[in-house]
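Novice: dropping a prediction and its sequence here:
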Amino acid sequence: MSAIRVLLVDDQPLFRRGVRMLIDSQPDLTVVGEAGDGGEAVVVADEALPDVVLMDIRMPHADGIAGTAGILRSATEAGRTPPRVIVLTTFDLDDAALRAIRAGASGFLLKDAEPEFLLAAIRAVHGGHAVVAPGAISDLLAHVGAAPDARRAHSPADLSAARDAALPSLSKREREIFTAVAEGLSNAEIAAREFVAEATVKSHVGRILAKLGLRDRVQVVLYAHDHGLLPRR
């Protein structure tokens with residue numbers, strides 16, 4: 001099995017050096033390139049073809065949001081599978097991190113995350129999962145759930161009608177699973193709540209993502225927010 005190829009993007013060489021040593025110490029991970037800003041990251045990504053990009057958000061010249069959008073756009077235009085992007089931030093819930101996720105990142109981590117969690121995050125996004133810093137998922141849900149009242153459903157009946165209108169390609173069961181994912185539940189938690197096998201939930205989630213053209217679970221949350229499918233808080 002080939003090693004997961006990682007690109008490091010940060011304007012601080014010392015930070016890149018430390019992370020590179022950590023990643024290269026793992027037999028299943030390897031750093032294939034480095035960049036000091038978002039613009040350079042697009043060029044390096046086209047040459048190095050990473051599987052996963054660790055992207056700092058705040059950098060001079062071109063920031064991590066521009067870098068994320070550029071890398072994914074360039075890969076798509078070239079007919080390649082885009083790499084997964086994890087944005088790195090120093091704030092627990094950063095508006096810039098949320099914008100990077102909208103630009104295509106698969107999640108964000110705090111720069112002071114434990115080394116073991118960073119390594120696990122790289123492996124997780126490579127496996128198709130979204131990653132959010134520990135303790136930040138509820139904050140992210142609350143943040144993206146702040147939709148205008150005019151677009152927010154006000155009752156269970158309203159929510160059900162809104163889901164039927166916004167999710168016509170999904171079956172009734174898939175809409176239920178969609179709602180649980182949008183609420184931030186894991187596959188195991190959904191399986192327990194719905195009294196089904198975890199493998200069944202995983203299959204449902206895969207079909208939901210494919211039907212809606214979404215990349216991962218964080219994108220489900222954003223889709224729910226943008227279509228007024230999150231309950232009032």
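Specialist: Sure, I can see it. Numbering: from 1, shown residues only.

Novice: what about the strands in this protein?
Specialist: For the chain, the strands defined by DSSP state E occupy 4-9, 29-35, 52-56, 84-89, 107-110, 131-132.

Novice: turn those into a markdown table, columns for mean neighbour count.
Specialist: C-beta: built from backbone N, CA, C; applies to glycine. Shown next, in a markdown table, are the strands of the chain (neighbours: other C-beta atoms under 10 Å):
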| stretch | mean neighbour count |
| --- | --- |
| strand 4-9 | 24 |
| strand 29-35 | 20 |
| strand 52-56 | 26 |
| strand 84-89 | 26 |
| strand 107-110 | 24 |
| strand 131-132 | 25 |
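
Novice: in TSV: the ones you listed, plus distance to Val205 and mean pLDDT.
Specialist: Output for these, formatted as TSV (distance: least, C-beta to C-beta, whole Å; pLDDT from 0 to 100):
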stretch	distance to Val205	mean pLDDT
strand 4-9	22	98
strand 29-35	26	98
strand 52-56	21	96
strand 84-89	17	92
strand 107-110	16	86
strand 131-132	16	76
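
Novice: mind listing what the closest residue to Leu7 other than its chain neighbours touches?
Specialist: Excluding the flanking residues, the one nearest Leu7 by C-beta to C-beta, 6 or more residues apart in numbering is Pro50, at 3.8 Å. Neighbouring residues of Pro50 by C-beta atoms under 8 Å, 6 or more residues apart in numbering: 5-7, 32-33, 83.

Novice: distance of Pro50 relative to Ile177?
Specialist: To Ile177, Pro50 is 31 Å away according to C-beta to C-beta, to the nearest Å.

Novice: would you mind measuring from the residue nearest to Leu7 to Ala113?
Specialist: 19 Å.

Novice: do Gly228 as well
Specialist: 33 Å.

Novice: how about Ile190?
Specialist: 26 Å.

Novice: what's the answer for Ser25, then?
Specialist: Counting by C-beta to C-beta - Ser25 and Ala113 are separated by 16 Å.

Novice: so where is the protein shaky, pLDDT-wise?
Specialist: For the chain, the stretches with pLDDT under 70 are 92-94, 133-156, 158-159, 231-233.

Novice: which residue ranges of it form helices?
Specialist: 13-24, 38-48, 64-77, 95-102, 115-126, 137-144, 156-166, 172-182, 187-194, 198-212, 217-226 (DSSP state H).

Novice: could I get the phi/psi values of the nearest residue to Gly64 once chain neighbours are set aside?
Specialist: Distance criterion C-beta to C-beta, 6+ apart; nearest residue to Gly64, sequence neighbours excluded, is Ile57 at 4.0 Å. Main-chain dihedrals, Ile57, degrees, to the nearest 10: phi -90, psi -50.
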